[in-house]
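Asks: just coords:
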């Protein structure tokens, strides 16, 4: 942490800050510059309430130096982590790229079984589908809940696909953990810390979606919550952020892939369905994500998108999925990876 | 809802969409324009999965016409709602403007009692303070939890101030509801729907903070969740949104006050502490919020901001609070309101 | 400037950066922290190409310490600057608050004279109106150009109001400077540096609008361009920024007022018409701007907004203007200011 | 255009709007819905001042239906346009993907010739380099200006590369048009309409960069300005937008590629250097851009990025360029394209 003093700061002001810094268990190193004095604070305490120092007299700003996360960082784990998912223990985060596809919401058994078959045939490794649906409106379809979980489990039995499904609140962690292979934390829950802590006690991989407007630090700190509570199997999922752009549901910032790869050892999956909101853009963004280095894709696929109970606009058909997987396979190969 | 067809749409395409629209229980009205055909869909179903229609052939876009919320809207309740809070039943949302102040986190009994006294003296109507603290980092101070609730209750006893405190997850709704006068939903929980539904069963006012990048529709739909579940006492709190701006913690968009007043009957409170992140900006933005028509203010105030366990950078001192309330009182008076 | 090295940086890496820093004419101060080494760079060169150092081996990031502007800053000019505008030399930036109002575009002589009269009666100090109109679409009304300037001058003659009008490109600087009392630089031209430099040679006040998504540093550097080229009379105008918000044309971040007042001595005017885009929000945001400390307001006012040739949605009527000025006057008085 | 009335609108209000609409030369079609009345306005006038209608009594909102651009749209030109650039008439926008590389700024003859050689060897089709540099700070290196243009021309002579360089203001259009093969409009000038109009008179391709926070409509309207003024050779360049993200200089939204391809026939180039701001991210984003369907890349490449006079942090080395082109070639081939 660096404390920058205002030009008018007196020796007394500097001394006052040094005392504060020492109170926090840090050692000071004062640098007298041409225009202003700067106090570098040395120590390994990442979580001092730094902001508080801003309130001291004639402090201009406080600049953090260390990343606030540790367990999720490359500094602690140098090698990329591969996480095994599903009955076939697909190693997500290794050399292979895994595609997970399925409907936004579990609508009924027949739909899910038919979709799962198509998803399997297309060469995917996982089936996604929401049993508990967090919906913006209280009047929208809220999911089949526990019944949905059983339907997903049946689809796994028949296809061997890993089941990826969302857990929306503390009171269904146990049920979801029983049925799912990967527990998904939705974007709106990325900073629901009690949930993250509960998932730290679960012995299954967690797919953590980036919050709608989260910074990378916040994203990695959310992962840190889960790891710190005991579960190292965290998969990060970029799903787009909210910006002023009007032609997409969200803006999908693929530079987060190299940026995350630089900072963390955790595998990175991209969701171009939520990341764009329109099915016609999904294949292009799947290709782009893999070209940028994604370890996996999470894609919404519906047998009949026009009648989907949710997210119809962004769901591709099974035919679209098959074609996309082919195209993505070729791109992965140019990078020395396989699907 | 309006469905806009692409210029190349055939009669078949239009017919196909009309069938879809009818499936959803809506009646169509086809308008043949100069450049393209538009299908106006008539009916009172607000929550049709409109997006799905985008996937039909040669549909260009689907434009919603109706606001998606009802109970929170001015259409249903024409008059502004006043909500009584605290032991003194202060009517928030009426002609009086109410200020709620206190530390970000409850740190200990002594701190809270002393602060409460100052807050009362300054002319405020409520005491804010977090017992359960959602923190971005798992290594930061997480609050005193249940002990914190008891401390707040003691402060109410001694001062008569309404206690406003955050409920962070399903499993502490009951405890918070027992001790607090107003239950706060934090920005990060604005779309945690299971929590909103649980708060719909509580018989106390809810202060609902706007999500970090929520649209007004989403904000009002979050309120709708609570009202729809049975609790009409919802107070909206504007606390700033995330933008590219670098000199503030959040950008405080005060135009949301007239915009919300146009759309909803619910009272509106502004939090300039989170809305700016820097104590030196807080008084100016308190004044601006009241000038723009806010019904109340929520302000972080700490006896010793330099040593605050959280949010020190944005906390004003009791002296700053007193001065701010004086200034805000004068502004309220120019608008025919009182504190 | 602070250079933060990666944890794996060797002594060689540090030495390499020190050499680079010395090449730039800066002195180094190396701080060996617990987790990483940091190099503080001392010297008064504000405009070293700092980014380049990021490319050196094992550099994690480069953090600037000094603000990049000088002439516009409070460090150089401690007292707030008041700039005299118009035939009546109204001192904008002093204790008085000045309101400038008028149509978006000059449409014809009759319109402008009638509007000017109303604007004067309402207690304003300036008349705004575009002769040269930068329009998003090539098919929209582009302004009366030189004829418009003459119309504005006539209105000044009759009312004594200061004429504020936009200069849109290098080739009409001279003409606008001849007719206008204040030359406005539009948001889209805030970083059109050749224009800023040309305005540095003009001996009239410049009203510089904040760019649609400019940072405060960029805004103040644009002012710096003008001052550095010879013209100290720069008025800053906050007119809103682009965000994801959908209920406004722009998000008006009034915290920029205290933030700018902390950083610069230049007067600050707010434009709530562009800052919201909807006439019904304008009066509330005018009040808020003055409450937050604005030195002036720039407001679109049209005799018949429904038929305005541009910006009709955000124009208030003369009656609305009169009422707004009254309300704003009272608020200014509570802050010890007058109109 | 659709005018949505408020629920409380009377017949008189509707009639009043119908009259306004007719005044604008549009025919009305009134739809009486369950909750509100909607007026569909029919006609081919794209540039009515629609906003003005918002000011009529009891109008809730005005929703545009038609895209505001025409000449740039796929409706008018169904086939994708290929634009020939440089002495070798490379057809940008056809089946081949073209890479343009070079330093941010022209620094001296030797630098440019050496770089051009490397750029040619790597398999690129164009050389970029700024002679006129728009810089955020008046104290930064402003470019070699006319001398820079001559240096670039010499490099073309020696390599046959197309020269792409920026024109920053009206007064150097002629000079740049004389020396360059492609005239670049910078992001900050995307809405400098007088410049766009001047470029409409030039008989060379224009590379138009997307504004820092422009919408696609605004981007295409800027292209429309150039085409409408007489020059059909417009190349669109996505270079990232400003968002709250902190780990990049700009957020690069690659979904704009399929979105633009849907709306316009113009070729699309991506600039991952400005689009990320950090050289380590550039190769991944080059691959992603081509995978998403870009017709070309614009990349900053410097012989010695640590000593670059501008944009050093985002410049890759010639070795990095060579490797990137190889990788991108393979990806293009999977899509049936060549470099």
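Replies: Now that the structure is in, tell me what you want to look at. Just so it is clear, the model here is predicted, and its values are computed rather than measured.
Asks: am I right that residue A:153 is in a helix?
Replies: Yes. Assessed by DSSP: H, G, I helix; E, B strand; the rest coil, residue A:153 belongs to a helix.
Asks: give the burial count for it, as a bare number.
Replies: A count of neighbours around residue A:153, defined by other Cβ atoms under 10 Å in any protein chain shown, yields 16. Where you see a C-beta, it was placed from the backbone N, CA and C, and this is true even at glycine.
Asks: thought residue A:125 was touching residue A:87?
Replies: No. At 10.3 Å, residue A:125 does not count as touching residue A:87 under the criterion of Cβ atoms under 8 Å.
Asks: of those two, which one has the most company?
Replies: residue A:125 (23 against 13).
Asks: circling back: common neighbours of residue A:125 and residue A:87, please.
Replies: residue A:162 (Cβ atoms under 8 Å, 6 or more residues apart in numbering or on different chains).
Asks: any idea how far residue C:304 is from the residue of the stretch 51-200 of chain A found nearest chain B?
Replies: Chain B sits closest to residue A:52 of the stretch 51-200 of chain A, with a gap of 2.7 Å, by Cβ to the nearest Cβ. With distances taken as Cβ to Cβ, to the nearest Å, residue A:52 is found 55 Å from residue C:304.
Asks: sorry, back to before: and the residue of the stretch 51-200 of chain A closest to chain B, what is it in contact with?
Replies: So residue A:52 contacts A:20, B:305, B:306, B:307, B:308, B:312, B:313 (Cβ under 8 Å, 6+ apart).
Asks: what about the helices in the stretch 201-339 of chain A?
Replies: A:216-228, A:256-263, A:272-276, A:282-291, A:318-334 (DSSP state H, counting those that start in this stretch).
Asks: among the contacts of residue A:52, which one sits closest to residue A:326?
Replies: Relative to residue A:326, the closest of the contacts of residue A:52 is residue B:313; by Cβ to Cβ it sits at 52.7 Å.
Asks: wait, what's in contact with the residue nearest to the closest one when sequence neighbours are not counted?
Replies: The spatially closest residue to residue B:313, leaving aside those adjacent along the chain, is residue A:51, at 3.3 Å (Cβ to Cβ, 6 or more residues apart in numbering or on different chains). Neighbour list for residue A:51: A:62, B:277, B:311, B:312, B:313, B:314 [criterion: Cβ under 8 Å, 6+ apart].
Asks: TSV for the helices of the stretch 201-339 of chain A, including mean pLDDT and distance to chain C?
Replies: Formatted as TSV, the helices of the stretch 201-339 of chain A follow (pLDDT from 0 to 100; distance: least, Cβ to the nearest Cβ, whole Å):
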stretch	mean pLDDT	distance to chain C
helix A:216-228	97	13
helix A:256-263	97	10
helix A:272-276	97	15
helix A:282-291	98	20
helix A:318-334	98	27
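Asks: those helices into a markdown table, with extra columns for distance to chain D and mean neighbour count?
Replies: What follows is the helices of the stretch 201-339 of chain A, written out as a markdown table (distance: least, Cβ to the nearest Cβ, whole Å; neighbours: other Cβ atoms under 10 Å in any protein chain shown):
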| stretch | distance to chain D | mean neighbour count |
| --- | --- | --- |
| helix A:216-228 | 5 | 24 |
| helix A:256-263 | 4 | 22 |
| helix A:272-276 | 5 | 29 |
| helix A:282-291 | 4 | 28 |
| helix A:318-334 | 4 | 19 |
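Asks: low-confidence stretches in the stretch 1-150 of chain A?
Replies: Residues of the stretch 1-150 of chain A meeting the criterion pLDDT under 70: A:44-48.
Asks: which stretches in it count as helices?
Replies: Using DSSP H, counting those that start in this stretch, helices in the stretch 1-150 of chain A cover A:11-23, A:109-121, A:146-159.
Asks: can you say which of those helices is nearest to chain C?
Replies: Of all the helices of the stretch 1-150 of chain A, the one in closest proximity to chain C, counting by Cβ to the nearest Cβ, is helix A:11-23 (13.1 Å).
Asks: check whether that closest one contacts chain B.
Replies: Yes. Under the criterion of Cβ under 8 Å from any Cβ of the partner chain, helix A:11-23 makes contact with chain B via A:20, A:23.
Asks: run the contact check for that helix versus chain C.
Replies: No. Against chain C, helix A:11-23 shows no contacts by Cβ under 8 Å from any Cβ, the least distance being 13.1 Å.
Asks: mind giving me the packing neighbours of that helix?
Replies: In terms of contacts (3 or more Cβ pairs under 8 Å, 6 or more residues apart in numbering or on different chains; DSSP states H and E), helix A:11-23 is packed against strand A:2-5, strand A:27-32, strand A:37-42.
Asks: now with 6 Å, please.
Replies: Counting contacts by 3 or more Cβ pairs under 6 Å, 6 or more residues apart in numbering or on different chains; DSSP states H and E, helix A:11-23 packs against strand A:37-42.
Asks: buried residues in the strand it packs on?
Replies: Neighbour counts over strand A:37-42 (16 or more other Cβ atoms under 10 Å in any protein chain shown) mark A:37, A:38, A:39, A:40, A:41, A:42 as buried.
Asks: what strands line up against it, and which way round?
Replies: For strand A:37-42, the paired strands and their directions (DSSP bridges) are strand A:2-5 (antiparallel), strand A:27-32 (antiparallel).
Asks: residues contacting stretch A:167-186, please?
Replies: Residues outside stretch A:167-186 that contact it (Cβ atoms under 6 Å, 6 or more residues apart in numbering or on different chains): A:85-86, A:132, A:134, A:149, A:153, A:162-166, A:194-195, A:198, A:202, A:204-209, B:169-171, B:194.
Asks: gap between the two ends of that stretch?
Replies: Taking Cα to Cα, to the nearest Å, stretch A:167-186 runs 8 Å from one end to the other.
Asks: chain center to that stretch: distance?
Replies: Relative to its parent chain, stretch A:167-186 has a centroid offset of 16 Å by Cα atoms, centre = their mean, to the nearest Å.
Asks: still on that earlier bit, show me which of the contacts of residue A:52 is closest to residue D:217.
Replies: residue B:313 (39.3 Å).
Asks: could you report the separation of residue A:59 from residue A:24?
Replies: Taking Cβ to Cβ, one finds residue A:59 at 14 Å from residue A:24.
Asks: looking at the two, which is more packed in?
Replies: Using other Cβ under 10 Å as the criterion, residue A:59 and residue A:24 rank with residue A:59 on top: 22 against 17.
Asks: what's opposite the more buried one in the beta bridge?
Replies: The partner list for residue A:59 in beta bridges (DSSP bridges) reads residue A:5.
Asks: in stretch A:58-77, which residues are buried?
Replies: Neighbour-count burial for stretch A:58-77 [16+ other Cβ under 10 Å]: A:58-60, A:62-63, A:65-75, A:77.
Asks: give me the distance between residue A:58 and chain D.
Replies: As judged by Cβ to the nearest Cβ, to the nearest Å, residue A:58 and chain D stand 26 Å apart.
Asks: and what of residue A:114?
Replies: Distance, residue A:114 to chain D, using Cβ to the nearest Cβ: 28 Å.
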